[in-house]
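Asks: Mind folding the following:
(2 chains)
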Amino acid sequence: MTTTSEAAAPRRALICGVGGQDGAYLAALLLSKGYAVTGSSRDAASMPRRGLQSLGVDGRVELVSMAPSDFRSVLQTITRTRPDEIYNLAGQSSVGLSFELPVETIESIAIGVLNLLEAVRFVERPIRLYNAGSSECFGDTGELPANESTPFRPRSPYAVAKACAHNLVANYREAYRMHACTGILFNHESPLRPERFVTQKIVRAAARIAAGSDETLALGNLDIERDWGWAPEYVEAMWRMLQPDAPEDFVIGTGRSVPLEHFVERAFGHFGLDWRRHVRRDPALLRPSDIRRGAADPSRARERLGWRPRHGVDEVVAAMCEAARAG
Amino acid sequence: MNPPTHPRIALVTGVTGQDGAYLSELLLAKGYEVHGIKRRASLFNTQRIDHLYQDPHETGRRFVLHHGDLTDSSNLIRIVQQVQPDEIYNLAAQSHVAVSFEEPEYTANADGLGTLRLLEAIRILGLEKKTRFYQASTSELYGLVQEVPQKETTPFYPRSPYAVAKLYAYWITVNYREAYGMYACNGILFNHESPLRGETFVTRKITRAVARIALGLQDCLYLGNLSALRDWGHARDYVEMQWLMLQQPAPEDFVIATGVQVSVRRFVELACAELGITVAFGGEGVEEVGTVVAVARDGLRCKPGDVIVRVDPRYFRPTEVETLLGDASKARERLGWTPKITLAELVREMVHSDHAAARRDSLVKDAGFQTYDHHE
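Replies: Residues are numbered from 1 along each chain as shown, chains lettered A, B, ... in the order given. Model (predicted):
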């Protein structure tokens, strides 16, 4: 990939939402590929840097403040940082929270991506844009795994906003021939997941109980089925999506869906525990509308991007548990 | 069961628009107390409902206007709180597809977020069980159509910032119905026109231009994609369905359409024929023109050989919607709804309304005053 001219002037990437799980892994990946990386957060000064620190890249990413829902802020950031590639990972990211913050959810997700698209149009440079889509857009997939042409059936304000962002990206690609695409990523986890996500909540509780805590873990619906993958591999897919000359949307997942109960059993089992003795069902944690099963068909990504996940859900659980044990 | 002692109360957003005017008439005829929300403007913007207007000093008013804006949450909450509506019809929107490419953020804010704000107002005020909600969805959601004709189960493919914003509104309405048990539903209305249609929408632009060309007030009509195929109904038929959708035992989404499709080019021919002008199209792409080949009446100010229709690429859209055709079987089977007004009758009503207005302009001009052909 590297040529002399690129070596002289490294490619520049802007990661919007660098404070999150994917932002940290993507920053590390792009740095390893020789990119100059700028990362944005709404308030860069107060952004938690635990993710960047734990991957050893804190200090190697230029941090800037940018609010995606504010056009001036977006335009200014793009003008100043002159990126070749933009990765939009910013936005309110919790499905559960979106029922409490529906307006913040659409503003940060849909207006955010619209501002990025408009700003890229405005500066008239050949910037490539990756948008973080979500498998939540599909809603319940049932037994038929979702691919890129599966219709959306969003079931939360988060999913409705992500579907809106997805459609905007597709429209700008078709209307203005922009190099913009959406990665429809199924759940992807890592030790950097915050504890408000159910996977980390389970893993941390199991680790504490193994260390002597007498707590009980309260969970909502254990029957929901999801496709859980390994976040570091998913950021690799993001980068690959921006490399072909013709932009396309891709479904990213492992292709295997399991019930949440499987995840719970594996996590507690990792510490030699029987989950049934430590978990109680709490109806208060049920969502106003939830998805029963999410299943992915990532064959387009395998065929056109050569992307193949090496971690299945069991490896993901094990890696998260090891990280939790290490503290 | 005793008849209700108080009239039912409806709140209509977008009351100053075409559908707002027809729906208000319908609801008033059914005995409702109708509250409308209109945006503040420096120019009068109530022409379509002036005949319904009642002075604030009258007592027992049944038609009340409120200043409001779908981009203002607290304003909406306050109005919904005051009005305590049994039914809300959300017809307000930046509703012009072409304008949405120029004002994408405003379109998303008013059309997408505006719907969310209204649903939230209902929740915040604890009216989920009382207030029924109608969302004006659109055939533009189908955009690059995935099957023909389009029905409730056809996947969406929005092709403009307008359609993308309206699709957000569609899904958030479905989500609030499923998440909070609200009586909220979408009418997916295919194009619906009338003499009250805004002058910048293609049908009205055509009927207005044809009337003015017939009277010599205008020489030529400039259009974009002449081959675009649309399913055009009459707004009066469609607002009946909006009301019907809120009267059911359970909320459901419905496609509303005629099931008949013609091109923009054909619409021009029909409009011309209404005034005795036969127009024929020739040429390709941007060179295509519509030429008068015969006139059937005296007094027309155009003659055979005149080119009265031309293509102007400025009206092309960055992403076009080539074809829309609705299948309203569900509305027919479940609600017994069928459109009553045919396309021919629609065109006739629009052309004659615009012809009357053009004659007035002509008189004014002949008396020595200036008139303007308001272009986009």
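
Asks: State the three-state secondary structure for A:A324.
Replies: Following DSSP: H, G, I helix; E, B strand; the rest coil, A:A324 is assigned to helix.

Asks: can I assume it is in contact with A:A205?
Replies: No: assessed by C-beta atoms under 8 Å, A:A324 is found out of contact with A:A205, at 9.3 Å. Quick note: C-beta positions are derived from backbone N, CA and C, even for glycine.

Asks: does the longest helix along chain A come close to chain B?
Replies: As assigned by DSSP state H, the longest helix anywhere in chain A is helix A:157-176. Yes: contact of helix A:157-176 with chain B (C-beta under 8 Å from any C-beta of the partner chain) involves A:P157, A:A159, A:V160, A:A161, A:A163, A:C164, A:N167, A:L168, A:N171, A:E174, A:A175, A:Y176.

Asks: what's the answer for stretch A:61-68, then?
Replies: No: Stretch A:61-68 does not reach chain B (C-beta under 8 Å from any C-beta); its nearest approach is 12.1 Å.

Asks: Equivalent analysis for stretch A:85-92, please.
Replies: No: contact of stretch A:85-92 with chain B (C-beta under 8 Å from any C-beta) is absent, the minimum separation being 13.6 Å.

Asks: which SS state does the closest residue to A:V251 other than its chain neighbours fall under?
Replies: In this structure, A:V251 finds its nearest non-sequential neighbour in A:I184, 4.8 Å apart by C-beta to C-beta, 6 or more residues apart in numbering or on different chains. Secondary structure state of A:I184, per three-state DSSP, is strand.

Asks: Does A:I184 touch A:F250 like I think?
Replies: Yes: the criterion here is C-beta under 8 Å, and A:I184 meets it with A:F250 at 6.8 Å.

Asks: got any residues that touch both of the two?
Replies: Residues touching both A:I184 and A:F250 by C-beta atoms under 8 Å, 6 or more residues apart in numbering or on different chains: A:E148.

Asks: And the two? Which one has more around it.
Replies: Remark: of A:I184 and A:F250, A:I184 carries more neighbours, 27 against 23, as counted by other C-beta atoms under 10 Å in any protein chain shown.

Asks: Spit out the contact partners of that one.
Replies: Counting by C-beta under 8 Å, 6+ apart, A:I184 touches A:G133, A:S134, A:S135, A:C137, A:F138, A:A146, A:E148, A:H166, A:D249, A:F250, A:V251, A:I252.

Asks: rerun that using 6 Å as the cut-off
Replies: Going by C-beta atoms under 6 Å, 6 or more residues apart in numbering or on different chains, A:I184 touches A:G133, A:S135, A:V251.

Asks: can you give me phi and psi for the closest residue to B:G285 other than its chain neighbours?
Replies: If you skip the residues right next to it in sequence, B:G285 has B:V311 as its closest partner in space, 7.3 Å away by C-beta to C-beta, 6+ apart. The phi and psi values for B:V311, taken as degrees, to the nearest 10, are phi -100, psi 130.

Asks: ok, what's across the strand from B:V311?
Replies: Counting by DSSP bridges, B:V311 forms beta bridges with B:L223.

Asks: what separates it from chain A, distance-wise?
Replies: B:V311 sits at a distance of 20 Å from chain A (criterion: C-beta to the nearest C-beta, to the nearest Å).

Asks: Likewise for B:W337?
Replies: Counting by C-beta to the nearest C-beta, the gap from B:W337 to chain A is 26 Å.

Asks: can you pull out the strands in the stretch 51-200 of chain B?
Replies: Shown for the stretch 51-200 of chain B, the strands assigned by DSSP state E, counting those that start in this stretch span residues B:63-67, B:87-90, B:132-138, B:184-189, B:192-193.

Asks: what's the angle between the longest one and strand B:184-189?
Replies: Read it as strand B:132-138. If you take axes from the mean of the first three to the mean of the last three C-alpha atoms, to 10 degrees, strand B:132-138 sits at 30 degrees to strand B:184-189.

Asks: what helices or strands is strand B:132-138 leaning on?
Replies: Contacts defined by 3 or more C-beta pairs under 6 Å, 6 or more residues apart in numbering or on different chains; DSSP states H and E place strand B:132-138 against strand B:87-90, helix B:161-180, strand B:184-189.

Asks: for A:G112, helix, strand, or coil?
Replies: Once three-state DSSP is applied, A:G112 turns out helix.

Asks: Please look at it and A:D70 and confirm they touch.
Replies: No: here A:G112 does not reach A:D70: they are 9.2 Å apart, not a contact under C-beta atoms under 6 Å.

Asks: If you count surrounding residues, which of these two has more?
Replies: More crowded of A:G112 and A:D70, by other C-beta under 10 Å: A:G112, with 26 against 15.

Asks: Setting aside sequence neighbours, what's the nearest residue to the more buried one?
Replies: Among residues not flanking A:G112 along the chain, A:P68 sits closest, at 3.1 Å (C-beta to C-beta, 6+ apart).

Asks: ok, that neighbour - contacts?
Replies: A:P68 touches A:A90, A:G112, A:N115, counting by C-beta under 6 Å, 6+ apart.

Asks: Which one of those is nearest to A:R240?
Replies: Nearest to A:R240 out of those is A:A90 (C-beta to C-beta; 20.7 Å).

Asks: Around B:L52, count how many other residues there are.
Replies: 17.

Asks: Let me fix that, I meant to ask about A:G312.
Replies: Using other C-beta under 10 Å, A:G312 has 16 neighbouring residues.

Asks: Show the pLDDT at it.
Replies: Per-residue pLDDT puts A:G312 at 97.

Asks: close enough to count as contact, B:L91 and B:T138?
Replies: No: here B:L91 does not reach B:T138: they are 11.1 Å apart, not a contact under C-beta under 6 Å.

Asks: Between the two, which contacts overlap?
Replies: Joint contacts of B:L91 and B:T138 (C-beta under 6 Å, 6+ apart) do not exist.

Asks: The strand or helix carrying A:L116: which residues count as buried?
Replies: Secondary structure assigned from DSSP states H and E places A:L116 in helix A:112-123. Along helix A:112-123, these residues count as buried under the neighbour rule (16 or more other C-beta atoms under 10 Å in any protein chain shown): A:G112, A:V113, A:L114, A:N115, A:L116, A:L117, A:E118, A:A119, A:V120.

Asks: residue contacts, residue 57?
Replies: Let's take chain A. Going by C-beta under 6 Å, 6+ apart, the list of residues near A:V57 reads A:A27, A:A28, A:L31.

Asks: By neighbour count, which of the residues you listed wins?
Replies: With neighbours defined as other C-beta under 10 Å, the most crowded of the contacts of A:V57 is A:A27; it has 26 neighbours.

Asks: from the stretch 201-350 of chain B, which residue is nearest to chain A?
Replies: Using C-beta to the nearest C-beta, the single residue of the stretch 201-350 of chain B nearest to chain A is B:P318, 3.3 Å away.

Asks: in what helix or strand does that residue lie?
Replies: For B:P318, there is no enclosing helix or strand under DSSP H and E.
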